[in-house]
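*Asks:* Give me coordinates for this.
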Amino acid sequence: INAEYMGEVPISDRSIEWSVLAGMYSLESKMDEAKYEAFLHPIRNLPEPTVTPVVSNSNEPATCNTWIEDMRSNDAVNRAQAFKKIGTICQALGPSRTREEFIPYIAEFVDDEGESACTMAEQLGDLTELIGGVNYAHLLLPPLEGLSSSEDSAVREKTVASITRVLHVLSESSIIEHFLPLLRRLSTGDWLTCRVSACYLYHVLYPRVNPNVRKDVRSMFMKLCADEIPIVRRAACSHIGKLASVVEYQFVKAELFPGLLKLSKDEQDSVRLLTIEPAAHIARVFKPVDNVTKLLPTIFNLCQDKSWRVRYMVASKFCDLCSAIGDHEAKADDLLDGFVRLLQDDEQEVRAAAGSKVGEVSKLVGCGQTMKKLLNPVKSLSKDTSPFTIAALASVILAIAAVIKPKDVEDHILPIVLELLRDTSSDVRLNLISKFEASNKVINLQSISDALLPAIMELASDAKWRVRLQIIQHLPNLASQLGSDFFDATLSDLCINWLGDQVYSIRQAATSNLTKLASVFGVEWACKQIVPKLQHLAYHKSYLFRMT
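*Replies:* Now for the predicted structure:
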C-alpha cells in the first residue's frame, strides 16, 4: 500500500476503502510506533476525496437522486423501496445513461440480501427496452450473473427468471458471445449456488444455439449431473427431463437417459426421488420399444428402492408415468407388479399414496388386469391398520366399481363399501359418501341404505363442525338418489335441526341446503315438508332458530 495509489482510489468503493484500513491496522501490529507514524504522515496529508453523484443533472427529478442514494442506505426497508424504483430511474436517465452509469452502479449491490436483492433480480429482466432495446440486452447479464450466486433461493429463482427473459430476446451472435460464456462460468464456478442456477438455464438455451454448439452444452450439463455436491445433482436431476424435451432423440437415448439412470442409483435418496418426474418426460420422447426395454426396468427398480421416500414419490407419480409410457405399455405385468408392491408396502405413507391412485390405474389397465392384479391388494387395504390408508382407498373405491362388471361389483366391491361405511373414522366415511354422486349408475344407494343412513347420522352429529359442514354440502346429491320418501322419513328433521347449530357456518350452509333440496324435490314438496316447519321455527325459544 502506498499513499500515491490510495489517492487514486474512489472512496465510493467502500470495499477497497475498508481493505486499505484493514491493511493499515495489520501494519500497526508489525511496526514500531516511529515507523508507523512515518507511514501515516503522507496519508493524513491527502486531500479529502469527493464523491461524484451518479445522477447530477438538475433537470431530473430530485426523487431519483434520493432513490439512488437510498440504495446505499443501512436501512433494509429504504433499500428495498429504492430498488422497486429501478424502472422509474431508468426512464428518467434515458437509455444512454442507464447503460453507461446506472447498470454498472447497481451491479455493486449484487451481494445484497433479502427483499432488495429479490426486487433487483426481478426487475433487471424487464429493462431491455429501457436500456436501448435488444441490441444492448447483454449488458444486463453481468449483474444477473452476480445475483445467481446468492445463497437465498428466492433471489436465485427471480434471477433465473430474469436471465430467461433476457435470453429470449438475445440474438444468436449475442448468445455465443455473451450468454454461453456466462453459462460456462456458472457451471464451473466454485460456489455451488451458481452451479445450481446454471441447471435451470440449459433447456432454455439449447433450442437457441446451432448444432455445433449443442454438443458442448450437453457435455456441460452432464458434468453437473455428476457433480460432487448432492444439491447440484438434485438441481440437474430436476431439469434433465425438461432438457430431454428439446434435445434430439438420439442424444436423449445415448446421453441423457444414461445420466438419469445413474442418478436413479445415486447414494442420496434426495436425488433418487427426483428422477420420477424426468422419467415421465423421457418416456414421452422415447419410442414404445425403448420404454419397454429401458424405462420400465428403471421404474420397477425404483418401486423397490430401499428409501420409503423414493417409493412414496413413485406411488404419487405412478399415473403420470403410466400415461407417459403409453396405454399398451402401462398394462405390462412388470409395471403392475411394481404398483402392487407399493400397495403392500411396509410404510403406511407409501400404501396411502398408492391406494389413492388405484382408481386411475384401474381405468388405465382395464377390467381384466384390475380383477387379476389389483382386487386382492384392494381388499387387504380395506382392512389396513392405518386410518390414512383406508381413507385414501375410500375416496377411490367407487372408481374401481366403474371399471369392472356389475356382477363383480356386487360380489367384491359392495362388501368393501359396506365395511367402509361402518368404519370408526369419520374421514373414511366422509371420503366414501362424497363420491356417491359420481357413481350412482354403478351402485344403487337404495341397496345400501341400511348402512348408509347410520353413517350419515353419525357424521351429521360429529363433534368436528367441518365434518358436519361437508355432510351438509353432500346431502342434496344423496337425497336426489335416495328419493323424497326415504328422505322425508329419515333426514328431513336432521336438516331442520342444523338451522339451530351453535356454529354460524353450519347454520348458513343449512339454509343453502334447504334451497337445493327444494330444487331437487320441487315446489310442492317444499311447501308441504319445509315451509310449515320454518313457520314453527319463527316462534322458537332459541334465538338461533329465529335469526336463521
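
*Asks:* residue contacts, Arg311?
*Replies:* Arg311 makes contacts with Leu302, Cys303, Gln304, Asp305, Leu342, Asp345, Glu347, Val350, as judged by CB atoms under 8 Å, 6 or more residues apart in numbering. For glycine as for every other residue, the C-beta is placed from the backbone atoms N, C-alpha and C.

*Asks:* Which helix or which strand is home to the most centrally placed residue in the chain?
*Replies:* With distances taken as CA atoms, centre = their mean, Ser238 lies nearest the centre of the chain, 12.0 Å away. Element membership of Ser238 [criterion: DSSP states H and E] is helix 230-244.

*Asks:* Name the residues of that helix that are buried.
*Replies:* Residues of helix 230-244 classed as buried by neighbour count (16 or more other CB atoms under 10 Å): 230, 232-244.

*Asks:* From the contacts of Arg311, keep the buried residues only.
*Replies:* Among the contacts of Arg311, the ones that count as buried by 16+ other CB under 10 Å are Leu302, Cys303, Asp305, Leu342, Asp345, Val350.

*Asks:* residues of whichever strand or helix holds Gly259 that come out buried?
*Replies:* In this assignment (DSSP H and E), Gly259 forms part of helix 257-263. The neighbour-count check on helix 257-263 (16+ other CB under 10 Å) flags Phe257, Gly259, Leu260, Leu261, Lys262, Leu263 as buried.

*Asks:* State the mean pLDDT of the helix or strand His536 falls within.
*Replies:* His536 is part of helix 531-537, with elements assigned from DSSP H and E. In this model, helix 531-537 has an average pLDDT of 79.

*Asks:* can you list contacts of it?
*Replies:* With contact meaning CB under 8 Å, 6+ apart, helix 531-537 is reached by Ile496, Leu499, Phe545, Arg546, Thr548.

*Asks:* residues contacting the fourth one?
*Replies:* Arg546 makes contacts with Leu537, Ala538, Tyr539, His540, as judged by CB under 8 Å, 6+ apart.

*Asks:* switch to 7 Å and redo it
*Replies:* Residues counted as contacts of Arg546 (CB atoms under 7 Å, 6 or more residues apart in numbering) are Ala538, His540.

*Asks:* Is it in a helix, a strand, or coil?
*Replies:* Assigned with DSSP: H, G, I helix; E, B strand; the rest coil, Arg546 falls in the helix class.

*Asks:* Distance check, it against Tyr539.
*Replies:* In this view, Arg546 and Tyr539 are 8 Å apart by CB to CB, to the nearest Å.

*Asks:* Quick check: neighbours shared by the two?
*Replies:* Joint contacts of Arg546 and Tyr539 (CB under 7 Å, 6+ apart) do not exist.

*Asks:* Now tabulate the contacts of helix 531-537 in TSV and tack on distance to Thr128.
*Replies:* Listed next are those as TSV, based on distance: CB to CB, whole Å:
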residue	distance to Thr128
Ile496	65
Leu499	61
Phe545	65
Arg546	65
Thr548	59
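
*Asks:* Poorly predicted segments of the stretch 301-450 of the chain, please.
*Replies:* Scanning the stretch 301-450 of the chain for pLDDT under 70 picks out 327, 329-331, 437-450.

*Asks:* Report how many residues lie close to the residue nearest to Tyr202 when sequence neighbours are not counted.
*Replies:* The spatially closest residue to Tyr202, leaving aside those adjacent along the chain, is Phe221, at 4.8 Å (CB to CB, 6 or more residues apart in numbering). As a burial measure, Phe221 scores 26 neighbours (other CB atoms under 10 Å).

*Asks:* and if you look at Ala92?
*Replies:* Ala92 has 20 nearby residues by other CB under 10 Å.

*Asks:* Where do the helices of the stretch 51-200 of the chain begin and end?
*Replies:* Assigned helices in the stretch 51-200 of the chain, in chain order: 62-70, 76-83, 86-93, 95-97, 103-106, 115-124, 141-147, 153-169, 172-174, 180-187, 192-199 (criterion: DSSP state H, counting those that start in this stretch).

*Asks:* can you redo those as a markdown table with distance to Pro297 and mean pLDDT?
*Replies:* A markdown table is the format used below for the helices of the stretch 51-200 of the chain (distance: least, CB to CB, whole Å; pLDDT from 0 to 100):
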| stretch | distance to Pro297 | mean pLDDT |
| --- | --- | --- |
| helix 62-70 | 60 | 76 |
| helix 76-83 | 51 | 84 |
| helix 86-93 | 52 | 87 |
| helix 95-97 | 57 | 89 |
| helix 103-106 | 52 | 87 |
| helix 115-124 | 42 | 88 |
| helix 141-147 | 41 | 91 |
| helix 153-169 | 34 | 91 |
| helix 172-174 | 41 | 89 |
| helix 180-187 | 31 | 93 |
| helix 192-199 | 26 | 93 |
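
*Asks:* closest to Arg468 out of those helices?
*Replies:* Closest to Arg468 of these, according to CB to CB: helix 153-169, at 40.3 Å.

*Asks:* quick one on the thing from earlier: hmm, His203 and the residue nearest to Tyr202 touching each other?
*Replies:* No. Using CB atoms under 7 Å, Phe221 is not in contact with His203, being 9.0 Å away.

*Asks:* Could I get the average pLDDT for stretch 251-267?
*Replies:* 93.

*Asks:* distance between it and the chain's centre?
*Replies:* Relative to the centre of its chain, stretch 251-267 is centred 24 Å away, using CA atoms, centre = their mean, to the nearest Å.

*Asks:* Put the alpha carbons of that stretch into PDB.
*Replies:* Output in PDB follows, covering the C-alpha atoms of stretch 251-267 (Å, rounded to 0.1, in the frame of the first residue of the first chain):
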ATOM      1  CA  PHE A 251     -28.900 -37.800 -27.800                       C
ATOM      2  CA  VAL A 252     -31.700 -38.400 -25.300                       C
ATOM      3  CA  LYS A 253     -31.200 -42.100 -25.800                       C
ATOM      4  CA  ALA A 254     -27.400 -42.000 -25.800                       C
ATOM      5  CA  GLU A 255     -26.600 -39.300 -23.300                       C
ATOM      6  CA  LEU A 256     -29.500 -38.100 -21.100                       C
ATOM      7  CA  PHE A 257     -31.100 -41.400 -20.300                       C
ATOM      8  CA  PRO A 258     -27.800 -42.900 -19.100                       C
ATOM      9  CA  GLY A 259     -27.400 -39.800 -16.900                       C
ATOM     10  CA  LEU A 260     -30.900 -40.300 -15.500                       C
ATOM     11  CA  LEU A 261     -30.200 -44.000 -14.900                       C
ATOM     12  CA  LYS A 262     -27.100 -43.100 -12.900                       C
ATOM     13  CA  LEU A 263     -29.000 -40.500 -10.900                       C
ATOM     14  CA  SER A 264     -31.700 -43.100 -10.100                       C
ATOM     15  CA  LYS A 265     -28.900 -45.100  -8.400                       C
ATOM     16  CA  ASP A 266     -27.400 -42.200  -6.600                       C
ATOM     17  CA  GLU A 267     -26.300 -42.700  -3.000                       C
END
